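A.B. asks: Provide a 3D model corresponding to the input given below.
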Amino acid sequence: MRMGEIGKIAAEIGKCVGIALLFSLIAELVFALVIQLCSLSESVVMPVNQAIKAVAIVLGCLLGFSAEKGIVKGAAGGLLVIAVTWLAFSFIAGGVSVSKLFPLELLFGAVVGAIAGVI
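C.D. replies: All right, here's what the predicted structure looks like:
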């Protein structure tokens, strides 16, 4: 693999992460508004957050890069999307907390990204 090719792949993964982060931020803000307006129970929050992450990763992969080496770029993109969104939301919340489930979330992101990269 040449350096130019590595740079191109890194740029595509970065584009994937940027698109997914933007979608996640907007979707989470809309979801927070829906929670406030509709008084949804807390049991709804976790599944909806996971769905938002999955859709964000798929959108990022579909719009962020070409299908060449899609499984690798998708897995890397999905992993980075989970990490970057966690950092962004930790920054917004004003504190860092790592759940015991965070490694599973990273795995979830990598798997969703790999699947989306193949699509």
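A.B. asks: tell me the mean pLDDT over the longest helix along the chain?
C.D. replies: Selection of the longest helix in the chain by residue count, based on DSSP state H, yields helix 3-38. Mean pLDDT, helix 3-38: 90.
A.B. asks: quick one: the residue nearest the centre of the chain from Ser43, how far?
C.D. replies: The centre of the chain sits closest to Val81, judged by Cα atoms, centre = their mean, with a distance of 3.5 Å. Using Cβ to Cβ, to the nearest Å, Val81 is found at 25 Å from Ser43. Every residue, glycine included, has its C-beta placed from N, CA and C.
A.B. asks: swap in Gly7?
C.D. replies: Remark: distance between Gly7 and Ser43 (Cβ to Cβ) = 45 Å.
A.B. asks: for the two, indicate the residue with more neighbours.
C.D. replies: The neighbour comparison of Gly7 against Ser43 (other Cβ atoms under 10 Å) goes to Gly7, with 10 against 7.
A.B. asks: check the gap between that one and Leu104 for me.
C.D. replies: 31 Å.
A.B. asks: do the same with Glu5
C.D. replies: 32 Å.
A.B. asks: for Val44, same thing?
C.D. replies: 20 Å.
A.B. asks: what of Ile52?
C.D. replies: With distances taken as Cβ to Cβ, Ile52 is found 17 Å from Leu104.
A.B. asks: neighbour-wise, which of these two wins?
C.D. replies: Under the criterion of other Cβ under 10 Å, the comparison of Ile52 against Leu104 puts Ile52 first, with 19 against 11.
A.B. asks: just the residues contacting stretch 76-89, thanks.
C.D. replies: Residues outside stretch 76-89 that contact it (Cβ atoms under 8 Å, 6 or more residues apart in numbering) are 13, 16-17, 20-21, 24-25, 28, 53, 56-57, 60-61, 64-65, 102, 105-106, 108-114, 116-117.
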